[in-house]
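Student: Just to be clear, the model below is a prediction. Sequence and coordinates:
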Amino acid sequence: MSERSLNDHLSHLLAQANRHLSRQLTAEGVSLDQWRLMKALSEAGGMTMGKLAEELALNHPTLTKLVDRMVQDALVYRVPDPNDRRKVRMFLSDKGSALLASQNKRVQDHEMKVEDNYGNEDAQRLKDMLEVFIKQIS
């Protein structure tokens with residue numbers, strides 16, 4: 001058994017898991033955060049920067065830099081919020097949707113490999129345990 005504390009061990013293992021997935025995504029020049037952002041926008045049909053920062057667990061300056069790059073690459077676009085002129089809503093472009101579809105295939109392939117090695121039931125149990133853990137410490 002490892003001598004690391006629970007928090008240190010979880011942090012280390014989650015970072016390693018993220019690196020494995022990140023390698024799959026970077027084959028087309030997409031970062032893990034970019035994929036997560038495109039996925040969130042796709043599922044929500046657009047989001048404010050505040051909601052997006054909360055969903056991705058990113059601070060506002062980091063998110064702004066990420067979004068700026070993605071706007072330059074025509075993957076996402078900004079629209080003023082019709083209900084509140086102080087807010088901006090982000091949407092996934094057609095180019096972003098096409099890239100997300102190809103990246104989702106890579107993510108699904110990666111997840112299938114993990115589940116094949118780990119087992120569907122154990123994978124689901126791990127997800128459930130992590131969700132409970134996060135809820136209890138929040």
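Tutor: Received it, and whenever you're ready, just let me know what you need.

Student: the bottom helix or strand of this structure by mean pLDDT?
Tutor: Lowest on mean pLDDT, DSSP states H and E among the helices and strands of the chain sits helix 6-25, with a mean of 79.

Student: Distance from that one to the middle of the chain?
Tutor: Distance of helix 6-25 from the chain centroid (Cα atoms, centre = their mean, to the nearest Å) equals 13 Å.

Student: Check stretch 111-129 too.
Tutor: Its chain's C-alpha centre and that of stretch 111-129 lie 18 Å apart, by Cα atoms, centre = their mean.

Student: Next, the distance between the ends of that stretch.
Tutor: With Cα to Cα, to the nearest Å as the measure, stretch 111-129 spans 18 Å from end to end.

Student: any idea of the mean pLDDT in that stretch?
Tutor: Stretch 111-129 shows a mean pLDDT of 81 in the predicted model.

Student: before we move on, what about stretch 42-58?
Tutor: 94.

Student: How far does that stretch sit from its chain's centre?
Tutor: 10 Å.

Student: coming back round to it: and the helix or strand just after the least confident helix or strand of the chain, what does it pack onto?
Tutor: Next helix or strand after helix 6-25 toward the C-terminus (DSSP states H and E): helix 32-44. Packed against helix 32-44, as judged by 3 or more Cβ pairs under 8 Å, 6 or more residues apart in numbering; DSSP states H and E, are the following elements: helix 6-25, helix 49-56, helix 60-72, strand 76-80, strand 88-92, helix 94-118. All C-beta spots, glycine's among them, are computed from the backbone N, C-alpha and C.

Student: angle of the last one against strand 76-80?
Tutor: So the one you mean is helix 94-118. 120 degrees (axes from the mean of the first three to the mean of the last three Cα atoms, to 10 degrees).
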